[in-house]
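Trainee: model this:
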Amino acid sequence: MKINILTLFPEMFSGFKSESIIGKALDRGLLEINIIDIRDFCYDKHKQADDMPFGGGAGMVMKIEPLFRALETVKGKVIYTTPQGVKFNQQLAISLSQEEEITIIAGHYEGIDERVVENKVDLEVSIGDFVLTGGELPAMLMVDCIARLVPGVIKKESYENDSFFNGLLDYPQYTRPAEYEGLKVPAILLSGHHKNIETWRLKESLKRTYIRRKDLLEGRELTKVEKKLLAEIKKELGKER
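Mentor: Below you'll find the predicted structure:
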């Protein structure tokens with residue numbers, strides 16, 4: 001998969017591209033991240049990528065010409081990071097990971113010229129109801145989430161157990177030692193009984209979702225097993241109260 005990122009601050013991506021899972025995926029040729037400096041497409045003497053907004057007001061707006069020129073050099077779906085976009089989530093990440101190539105415009109200042117949005121952008125995306133100084137961090141966040149879903153980057157079973165992948169929060173995780181200062185790992189995880197462990201994990205996943213993010217269960221079509229476990233959870237929680 002190829003991911004292009006249009007930015008005014010390409011240096012911000014140096015560490016991001018070289019470390020951890022992203023760095024390994026790039027080294028193995030499973031992923032290509034192409035950082036494009038928007039100023040390379042500013043043909044005036046001062047490489048000006050922004051200007052004052054028509055109609056007045058505070059701040060600056062990213063200019064149409066360099067963005068149009070830069071976008072002519074790439075392919076695939078064009079995404080613009082903006083607080084006004086659709087909320088980024090796991091399902092959108094899964095969908096985008098199936099694309100051969102995507103391009104992310106990291107906005108800055110008061111945003112980009114609306115003519116770019118209207119004529120070149122396929123999808124406006126927000127990472128949350130807050131405002132940052134620029135779109136570089138949202139671009140990294142999205143790329144990190146998308147990249148781990150690209151075949152071969154990590155094991156399939158690893159991301160299939162992630163929170164939100166199947167619509168539920170993840171179950172609790174434990175590792176060695178089995179006991180530390182009197183704090184013990186749940187005995188069922190040491191039993192070696194895979195079916196019982198699987199059921200325990202599903203129940204814990206449902207329990208966390210029910211307690212912390214009940215909205216994720218609304219409209220979800222529960223299996224017979226999930227219905228049974230959820231009924232047990234509600235009964236147990238009722239006793240605890």
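
Trainee: which residues are contacting the longest helix belonging to the chain?
Mentor: The longest helix of the chain (DSSP state H) is helix 194-212. For helix 194-212, contacts defined as C-beta atoms under 8 Å, 6 or more residues apart in numbering pick out 168-172, 186, 188-189, 191, 216-217, 225-226, 229-230, 232-234, 237. Where you see a C-beta, it was placed from the backbone N, CA and C, and this is true even at glycine.

Trainee: Can you identify the element that follows that helix toward the C-terminus?
Mentor: On the C-terminal side of helix 194-212, the closest following helix or strand by DSSP states H and E is helix 224-240.

Trainee: Name the residues of that following helix that come out as buried.
Mentor: Neighbour counts using 16 or more other C-beta atoms under 10 Å place 226, 229, 230, 233 of helix 224-240 among the buried residues.

Trainee: what two of those have the greatest distance between them?
Mentor: 226 and 233 (10.1 Å; C-beta to C-beta).

Trainee: if we can go back for a sec, could the buried residues of helix 224-240 go into JSON lines alongside distance to residue 19?
Mentor: Formatted as JSON lines, the buried residues of helix 224-240 follow (distance: C-beta to C-beta, whole Å):
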{"residue": "226", "distance to residue 19": "38"}
{"residue": "229", "distance to residue 19": "39"}
{"residue": "230", "distance to residue 19": "40"}
{"residue": "233", "distance to residue 19": "39"}
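
Trainee: now the end-to-end length of stretch 172-185.
Mentor: Stretch 172-185 stretches 10 Å from its first residue to its last (C-alpha to C-alpha, to the nearest Å).

Trainee: What average pLDDT does it get?
Mentor: What stretch 172-185 shows for mean pLDDT is 94.

Trainee: any idea how far it is from the chain center?
Mentor: 30 Å (C-alpha atoms, centre = their mean, to the nearest Å).

Trainee: Do I have it right that residue 16 meets residue 140?
Mentor: Yes: in this structure, residue 16 is within contact of residue 140 by C-beta atoms under 8 Å, at 5.2 Å.

Trainee: What confidence value was assigned to residue 131?
Mentor: 89.

Trainee: For the helix or strand where residue 102 lies, which residues meet the burial criterion?
Mentor: For residue 102, the element it lies in under DSSP H and E is strand 101-105. Buried positions in strand 101-105, judged by neighbour count with 16+ other C-beta under 10 Å: 102, 103, 104, 105.
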